[in-house]
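> From the sequence below, what's the structure:
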Amino acid sequence: MNMRIDADASRELRWFGNTLVSVNLSSSAGADGISVIEHWMPFGDATPLHVHHREDEIFHILEGEMRFRIGDRDITARAGETLLAPKGVPHAYRVESVLGARCLTIMKGSDFETMVKAASRPAAHPDLPEAMAPTPDMIDMLVRICAENRIDIVGPPLG
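This is a model prediction of the structure:
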């Protein structure tokens with residue numbers, strides 16, 4: 001990916017699947033439990049269809065273009081646009097821009113943040129990890145960690 005990754009050196013960077021993430025604001029930082037996570041994603045990166053049971057998920061696109069399925073709606077979002085995936089509604093996304101995408105996810109609660117931290121590893125350098133297809137063991141681990149944080153994977157990634 002040729003996207004410029006300009007991550008603040010003071011933030012903890014983590015590799016989450018084939019993406020680079022940074023918890024810019026932890027849910028534990030304030031009384032309202034708001035979490036802000038920044039994601040750098042390569043072209044074609046896609047999440048499985050999933051449901052958050054306790055948290056709405058807000059996506060604010062900073063760079064690139066992403067295609068979303070939220071419930072029965074297909075939506076394309078570009079830099080500057082913001083989308084809401086309400087709790088209880090299945091949703092997924094796929095990065096459509098060749099240079100990748102960057103977005104913020106904003107949530108009230110700690111389920112998603114806790115899942116991301118548990119399913120990721122510290123980044124060895126401030127760039128995307130080497131791309132790899134998930135193994136069956138990696139998928140099983142993600143399903144388990146998601147379920148522990150009240151997130152259910154209910155379908156395949158967007159193709």
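> any low-confidence regions in this structure?
Residue ranges of the chain with pLDDT under 70: 1-10.
> Go through it and flag its longest helix.
Ranked by number of residues, the top helix in the chain under DSSP state H is helix 136-148.
> Point out the other helices and strands that that one packs with.
Here helix 136-148 touches helix 111-119, strand 151-157, going by 3 or more Cβ pairs under 8 Å, 6 or more residues apart in numbering; DSSP states H and E. Every residue, glycine included, has its C-beta placed from N, CA and C.
> List the buried residues for it?
142, 145, 146 (16 or more other Cβ atoms under 10 Å).
> Over to stretch 68-82?
Going by 16+ other Cβ under 10 Å, stretch 68-82 has these buried residues: 68, 69, 70, 77.
> Confirm for me that residue 118 is in contact with residue 145.
Yes: proximity of residue 118 to residue 145 meets the contact threshold set by Cβ atoms under 8 Å, at 4.9 Å.
> re earlier: turn the buried residues of stretch 68-82 into TSV, including secondary structure and distance to residue 98.
Formatted as TSV, the buried residues of stretch 68-82 follow (DSSP: H, G, I helix; E, B strand; the rest coil; distance: Cβ to Cβ, whole Å):
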residue	secondary structure	distance to residue 98
68	strand	18
69	strand	21
70	strand	24
77	strand	16
